[in-house]
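1. Generate a structure from the sequence data that follows.
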Amino acid sequence: MTTPKPVILLAEDDENDVFFMRRALQKSEVEFAVQVVTDGQQAVDYLSGGGKFGNREQHPLPSVILLDLKMPFLDGFEVLTWLRSQPSFNGVPVAVLTSSAEDRDRRRARELGARAYFVKPPKPETILEIMRLIGEPRDKAVN
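-> This is a model prediction of the structure:
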């Protein structure tokens with residue numbers, strides 16, 4: 001019996017950024033299964049198992065969530081706010097992966113529970129930091 005790969009839920013609306021994340025994963029030689037949602041509402045639906053995301057074999061719960069801040073329907077801050085209200089996701093690390101290098105965005109993401117904050121594009125080193133997040137206790141943070 002094989003151990004399933006850890007799952008990344010990547011909430012990202014830009015196809016190029018999804019491509020760069022997949023490439024960074026490949027270069028890092030870390031084995032993850034990647035589930036992609038393209039807006040904040042889909043992220044919430046995926047996590048809550050709603051609608052087309054109801055089959056947990058096809059859409060398993062993630063080991064880590066990578067969240068863009070600027071997405072349609074619900075932005076990353078709104079998704080973080082929703083996650084904060086869901087006790088069942090307290091142990092799932094969330095990393096923001098965004099184009100914003102603004103300190104106020106970094107601070108707000110941290111206040112809403114993000115454990116790491118990365119500025120795009122992702123690099124293989126980013127993936128290694130994400131791997132560390134999976135093994136860290138909830139009260140630890142990177143960056």
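2. Near Q26, how many other residues are there?
-> Burial of Q26 is recorded as 11 neighbouring residues (other CB atoms under 10 Å). Where you see a C-beta, it was placed from the backbone N, CA and C, and this is true even at glycine.
3. Show me where the chain dips below the pLDDT cut-off.
-> Applying pLDDT under 70 to the chain flags residues 1-3, 134-143.
4. Helix or strand: which one has the spatially most central residue of it?
-> For the chain, the residue nearest the mean C-alpha position is L66 (1.6 Å; CA atoms, centre = their mean). L66 belongs to strand 64-67 when assigned by DSSP states H and E.
5. What of Y117?
-> Y117 belongs to strand 116-119, assigned by DSSP H and E.
6. and the next helix or strand after that strand, which residues are buried?
-> Later in the chain than strand 116-119, the nearest helix or strand by DSSP H and E is helix 124-135. Within helix 124-135, the residues scored as buried using 16 or more other CB atoms under 10 Å are T126, I127, I130, L133.
7. Can I get helix 124-135 in PDB? Just the C-alpha atoms.
-> Presented in PDB, the C-alpha positions along helix 124-135 are these (Å, rounded to 0.1, in the frame of the first residue of the first chain):
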ATOM      1  CA  PRO A 124      12.000  25.700  -5.700                       C
ATOM      2  CA  GLU A 125      13.100  27.200  -2.300                       C
ATOM      3  CA  THR A 126       9.500  28.300  -1.800                       C
ATOM      4  CA  ILE A 127       8.400  24.700  -2.100                       C
ATOM      5  CA  LEU A 128      10.900  23.600   0.600                       C
ATOM      6  CA  GLU A 129       9.500  26.300   2.900                       C
ATOM      7  CA  ILE A 130       6.000  25.000   2.200                       C
ATOM      8  CA  MET A 131       7.200  21.500   3.100                       C
ATOM      9  CA  ARG A 132       8.400  22.800   6.500                       C
ATOM     10  CA  LEU A 133       5.000  24.300   7.100                       C
ATOM     11  CA  ILE A 134       3.300  21.000   6.900                       C
ATOM     12  CA  GLY A 135       5.400  19.600   9.700                       C
END
